[in-house]
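Visitor: Provided below for reference: sequence and predicted model.
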Amino acid sequence: MVTLALHGFLGAPAMWAGLEGELVAPWSPGHGPSPAPLEQDDFNAVVDALAARYLPVGGARVVGYSLGGRLALALALRHPARVREAVLIGATPGLKTEAERRARRASDEALAESLFRDGLVRFVDAWEALPLFATQRALPVSLQARRRAERLGHTVEGLAGSLRVLGTGAMPSLWDALPGCEVPLRWVTGALDEKFTAIAREACAVCPAATHTVVPGAGHDVVLERGVGEVFLHPCPLLHRRCRWRRAAMCGMCSVRCLRLRDSHPTHRSPPPSATPMEEGAGVEGAVAQVTVIPSSPR
């Protein structure tokens with residue numbers, strides 16, 4: 001199965017090095033040393049363009065971090081027939097009210113203006129000083145230097161366009177669409193990233209198709225801080241709609257069939273031999289999210 005992997009703001013496709021299988025890892029819109037001008041001035045239009053260019057008719061797994069996670073979620077909700085599973089690392093369904101989005105658009109516009117006024121180096125300095133990335137300061141110097149080089153490998157014009165078109169303020173709220181989502185969603189957050197862990201828990205509580213993996217000892221960028229294997233080499237218990245049973249699955253295919261075929265899926269009529277009953281109160285119909293905690297281990 002094809003995996004479409006989308007990096008975050010100021011990131012690069014190189015963050016997905018180590019992912020196995022058929023991998024498509026493009027520059028996110030507005031990023032890279034020579035980004036193409038954003039042809040769309042609307043968040044959803046960019047999402048639709050990504051789907052048209054990168055999602056095969058047979059479907060793909062979509063993986064995204066931060067900005068890439070927001071794009072991955074929008075792809076799953078707007079193009080469910082072409083997304084088999086979405087893995088959302090440090091992602092949010094957006095801001096809930098127009099007042100919040102308006103304030104964030106103003107903040108993102110100020111950031112875009114600061115890029116032109118102060119230059120990329122000072123912008124990256126301020127970005128790296130944000131509390132959200134405090135845990136990265138404990139990483140090896142070589143790893144910090146590599147990530148800083150990636151952050152400096154963009155253009156002012158491209159990043160400003162990304163902020164204005166794909167910033168959280170420009171993104172429509174996806175909260176209302178979560179309860180009806182039938183694409184398996186796997187949220188992944190670092191335990192030290194309290195803000196996005198709380199967002200993931202709230203999202204999973206209203207989305208029957210969602211699960212949540214918490215990675216101890218990691219902050220916002222789980223892939224940078226713990227390695228890509230910590231996100232993808234652990235089985236994810238995926239829940240079945242109308243079913244009290246679960247299986248450990250890596251790709252989510254069983255859950256996709258269960259969610260799309262519903263009562264016609266054999267596991268709805270009788271549990272598979274390898275299945276174990278879920279804990280009382282953890283049924284999907286009650287919209288209680290399954291949370292997997294990955295044990296701590298050295299990189």
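Guide: Alright, I've got the coordinates. None of these values were measured; they are calculated from a predicted model.
Visitor: Quick one: the helices in the stretch 151-299 of the chain, in order.
Guide: Using DSSP state H, counting those that start in this stretch, the helices of the stretch 151-299 of the chain run over 156-166, 194-206, 222-226, 228-232, 253-261, 266-269.
Visitor: CA atoms only: put the second one into PDB for me.
Guide: Provided in PDB are the C-alpha atoms of helix 194-206 (Å, rounded to 0.1, in the frame of the first residue of the first chain):
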ATOM      1  CA  GLU A 194       0.200  18.400  26.900                       C
ATOM      2  CA  LYS A 195      -1.700  20.700  24.600                       C
ATOM      3  CA  PHE A 196      -1.900  18.300  21.600                       C
ATOM      4  CA  THR A 197      -2.400  15.300  23.700                       C
ATOM      5  CA  ALA A 198      -5.500  16.900  25.200                       C
ATOM      6  CA  ILE A 199      -6.700  17.800  21.700                       C
ATOM      7  CA  ALA A 200      -6.200  14.200  20.500                       C
ATOM      8  CA  ARG A 201      -8.100  12.800  23.400                       C
ATOM      9  CA  GLU A 202     -11.000  15.200  22.800                       C
ATOM     10  CA  ALA A 203     -11.000  14.300  19.100                       C
ATOM     11  CA  CYS A 204     -10.900  10.600  19.700                       C
ATOM     12  CA  ALA A 205     -13.800  10.800  22.200                       C
ATOM     13  CA  VAL A 206     -16.100  12.100  19.500                       C
END
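Visitor: Tell me where the longest helix sits in the protein.
Guide: Counting residues, the longest helix found in the chain (DSSP state H) is helix 98-118.
Visitor: In terms of secondary structure, what does that one contact?
Guide: helix 120-128, helix 156-166 (3 or more CB pairs under 8 Å, 6 or more residues apart in numbering; DSSP states H and E). (Glycine included, C-beta is placed from N, CA and C.)
Visitor: what does it rub up against?
Guide: Contact with helix 98-118 is made by 94-95, 122-123, 126, 156, 159-160, 163-164, 167-171, 173, as judged by CB atoms under 8 Å, 6 or more residues apart in numbering.
Visitor: farthest pair in those?
Guide: The largest separation in the contacts of helix 98-118, counting by CB to CB, is between 122 and 173 at 32.0 Å.
Visitor: between the two, which one's more packed in?
Guide: Neighbour totals were compared for residue 122 and residue 173, and residue 173 leads with 15 against 12 (other CB atoms under 10 Å).
Visitor: thinking again about what came up before, tell me the buried residues in the longest helix of the chain?
Guide: Neighbour-count burial for helix 98-118, with 16 or more other CB atoms under 10 Å as criterion, is recorded at 101, 104-105, 108-109, 111-112, 114-115.
Visitor: can you give me the angle it makes with helix 156-166?
Guide: The directions of helix 98-118 and helix 156-166 differ by 180 degrees, with axes from the mean of the first three to the mean of the last three CA atoms, to 10 degrees as the criterion.
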